[in-house]
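Trainee: okay, here's the prediction I keep looking at, along with the sequence it came from:
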Amino acid sequence: MKRHLTLFTVVITALAVNAATRFSLSSPDGKLTTDITTDAGLAYGIVYDGKTVLEPSPVALTLGDGTVVGNPCKVSGTSRRSVDGKVPSPFYRATEIPERYNELTINLGKNWSVVFRAYDDGVAYRFVSKGKKPFTIANETVDYRFPGDAMAAVPYVKVDKIDSFEPQFFNSFENVYTVGRLSSLDNRRLMFLPLVVEPAEGVKMLITESALIDYPGLYLNKAGDNGNSLRGVFAPYPKAMKQGGHNNLQMIVTEREDYIAKVDAPRALPWRVAIISSDDKVLASSNLSYLLGEPSRVKDTSWIKPGKVAWDWWNAWNLDGVDFKTGVNNDTYKAYIDFASKKGIEYVILDEGWAVNKKADLMQVVPEIDLKGLVDYATSKNVGIILWAGFHAFERDMENVCRHYADMGVKGFKVDFMDRDDQMMTDFNARAAEMCAKYNLILDLHGTHKPAGLNRTYPNVLNFEGVNGLEQMKWSPKTHDQVTYDVMVPFLRQASGPMDYTQGAMRNATRKNYYPCNSEPMSQGTRCRQLALYMVFDSPFNMLCDTPSNYMREEECADFIAGVPTVWDETVVLDGKIGEYIVTARRKGDTWYVGGITGWTPRDIEVDCSFLAPGREYDADMFIDGVNADRVARDYRRTQSKVNSGSRLKFHLAPGGGFAARIK
């Protein structure tokens, strides 16, 4: 009898699942709820703190054979689970990250399922394929339907032609943010991620993706004319390419397939992520992109060494007071190595120029460089050498290049000018990471899209560009506003992972005095702002952009920068508002580093030191905007004081200003 009752119960459960057309999933704290419906095709909506922030939005996959997964939606079973644990993150903003979520898996027949997760700070979903036969995906339906004409901050793809999407698929993922109503967005233009929408009063939603491996990246585009929706767009799979672009180091797509991805084995597709909060600090603090990345595929990570890098390209190899002609030559790089060694900087990079130009061959070194001699010289000084590599030169000879230079003693590569995120290119990023890991090489993916979880999967990938960084100051016109960008990017782009922003300028300009100068560039904003960016921005592999000569003239600031760690035991965003200001505290061991920046509006900031351990006295070493920093941006003063967990530190920030403090 008992056996028959069990069978009856199972049958009733299966019937109930098949009959169900609505499912609900809430965050562990109960503040976020996503409602999933299946009666008119798979769709989901989100409610935050009683406010609708996403109207029911369709979710589907169209396969190459015309099958649509998710419409119609036939549910064959469901399962739920909850997780409350911690994820190690040794090369990130904390040594480990709490992970709490509730999960719902909806099975869609025998070959597909869709997985939803609700975290306290967001909702994510992904499709999972269980089929073993190869197939193609013609398109993925990714829609965001908001309850009204919301305000948004979006980065458009920056290209010359916007008459179609095709030329926009070739881009560097660098632009400032356009702020306005959804209805005001240009429906001819693609937006890359992350971006932020304010779908309900006081509530912001950051949209991004994670676990982006071997699948095209997601763009968004204004859907229709009413201004309430954004729709997903993907670059189709390349069918034909030609070598070209920057110094013949890129592959230009000339023809595309009629599908966006091909799949030849069971796999999970990328997570579609919505980070949601009424507190801007949560956007700047969220770790969802990292948590949703695939777990590490590198078993032994003991050889991975994050650190700072003396960089040659931004400052145009400029040294003064030396008795040799500076440029791409041994004497110049030995001077950089000597500087790095003296200041305890872990690496020196040889940027573009060390390999013969326009050959796309990393085995051809220019005659002015004795690379083996430089590597040996750097090793004797306890400095590692990093080599810049153009995409095509690296990709075409990847294993040979990695093996050869690893054997020489090179510590890693900065690979540049990918400038695409179709499936072929995201697969390259993962393959490059895997190959570098095989030869114990760290990797900086420059000229690429947002991180999207790859830094968890391959922790030897320490940094990514996909940011409108300080290099823009070499050529951007006087009308360019980098200061406002700086107080937006921690709440937007940085939510997806670390940034190769390349701060550290010693030539600093007010808004009035800035001008572009390619050979002797400057920053916008104050000197203290540049110091603060080493705490405000995540950068496990962090450049010092200026020339050693300028740093040696400014040793007080150079020594502070050189002493700032690049990975952390703990990070706390203390305060901030998108587009206005941010204050971040980071701990390494018993020492805290605190940095704050403001936009062009001068600001008084008070730092509550309750993050310090109670019952202990600390020494605070602080760099503060000088009284004339609004006129002379390099003006600063340094001050020391005793502080404890009950202290409140007060700072006045000049226009475009900042402050930096070391508390130990």
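Mentor: Everything's here; your move. Residues are numbered from 1 along each chain as shown.
Trainee: centre-most residue in the protein?
Mentor: Centroid check for the chain by Cα atoms, centre = their mean gives Gly497 as the closest residue, at 3.4 Å.
Trainee: wait, that residue sits on Thr448?
Mentor: No. With contact defined as Cβ atoms under 8 Å, Gly497 does not reach Thr448; the gap is 11.3 Å. C-beta coordinates here come from the backbone N, C-alpha and C atoms, glycine included.
Trainee: which residues are common contacts for these two?
Mentor: Phe464 (Cβ atoms under 8 Å, 6 or more residues apart in numbering).
Trainee: for the residue nearest to the centre of the chain, what are its contacts?
Mentor: Gly497 is in contact with 289-290, 450-455, 464, 538, counting by Cβ under 8 Å, 6+ apart.
Trainee: before we move on, what about Phe541?
Mentor: Going by Cβ under 8 Å, 6+ apart, Phe541 touches 306-307, 309, 347, 442, 444, 462-463, 498, 500, 566.
Trainee: in strands, which of the residues you listed appear?
Mentor: Among those, the residues falling in strands (DSSP state E) are 307, 309, 347, 442, 444, 462-463.
Trainee: in JSON lines, list the residues you listed along with distance to Lys325, neighbour count and pLDDT.
Mentor: Listed next are those as JSON lines, based on distance: Cβ to Cβ, whole Å; neighbours: other Cβ atoms under 10 Å; pLDDT from 0 to 100:
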{"residue": "Gly307", "distance to Lys325": "29", "neighbour count": "20", "pLDDT": "98"}
{"residue": "Val309", "distance to Lys325": "24", "neighbour count": "28", "pLDDT": "98"}
{"residue": "Tyr347", "distance to Lys325": "24", "neighbour count": "26", "pLDDT": "98"}
{"residue": "Ile442", "distance to Lys325": "31", "neighbour count": "27", "pLDDT": "98"}
{"residue": "Asp444", "distance to Lys325": "28", "neighbour count": "26", "pLDDT": "98"}
{"residue": "Leu462", "distance to Lys325": "33", "neighbour count": "26", "pLDDT": "98"}
{"residue": "Asn463", "distance to Lys325": "31", "neighbour count": "29", "pLDDT": "98"}
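Trainee: highest neighbour count among the contacts of Gly497?
Mentor: Using other Cβ atoms under 10 Å as the neighbour test, these are led by Ala452, with 33 neighbours.
Trainee: for this structure, which spans come out with low pLDDT?
Mentor: The model of the chain has pLDDT under 70 over residues 1-20, 225.
Trainee: which parts of the stretch 501-650 of the chain are helices?
Mentor: All helices of the stretch 501-650 of the chain, identified by DSSP state H, counting those that start in this stretch, fall at 527-536, 548-553, 555-563.
Trainee: Val159 is nearest to which of those?
Mentor: Of all the helices of the stretch 501-650 of the chain, helix 527-536 sits nearest to Val159, with 27.8 Å by Cβ to Cβ.
Trainee: residues in contact with that closest one: which ones?
Mentor: Here helix 527-536 makes contact (Cβ under 8 Å, 6+ apart) with 483, 486, 490, 501, 503-506, 508, 523, 542, 557, 560-561, 564, 582, 584-586, 593-597, 623-625, 629, 633-636, 653, 656-660.
Trainee: got the contact list for Ile663?
Mentor: 591-594, 609, 612, 618-621, 643.
Trainee: what sits against Leu574?
Mentor: Listed by Cβ under 8 Å, 6+ apart, the contact partners of Leu574 are 281, 583-585, 594, 607-608, 611.
Trainee: check Arg586 too.
Mentor: Arg586 neighbours (Cβ under 8 Å, 6+ apart): 93, 535, 565, 568, 570-572, 592-594.
Trainee: cool, and Met424?
Mentor: 237-238.
Trainee: check the one 4 residues further on too.
Mentor: Taking Cβ under 8 Å, 6+ apart as the contact definition, Phe428 lies against 391, 395, 418.
Trainee: just name the closest of these to Val123, please.
Mentor: For these, the nearest to Val123 is Met418 (29.8 Å; Cβ to Cβ).
Trainee: residues near that closest one, how many?
Mentor: Neighbour count of Met418, defined by other Cβ under 10 Å: 27.
Trainee: nearest to Val356, of the contacts of Arg586?
Mentor: Checking the contacts of Arg586 against Val356 by Cβ to Cβ gives Pro565 as the nearest, at 37.0 Å.
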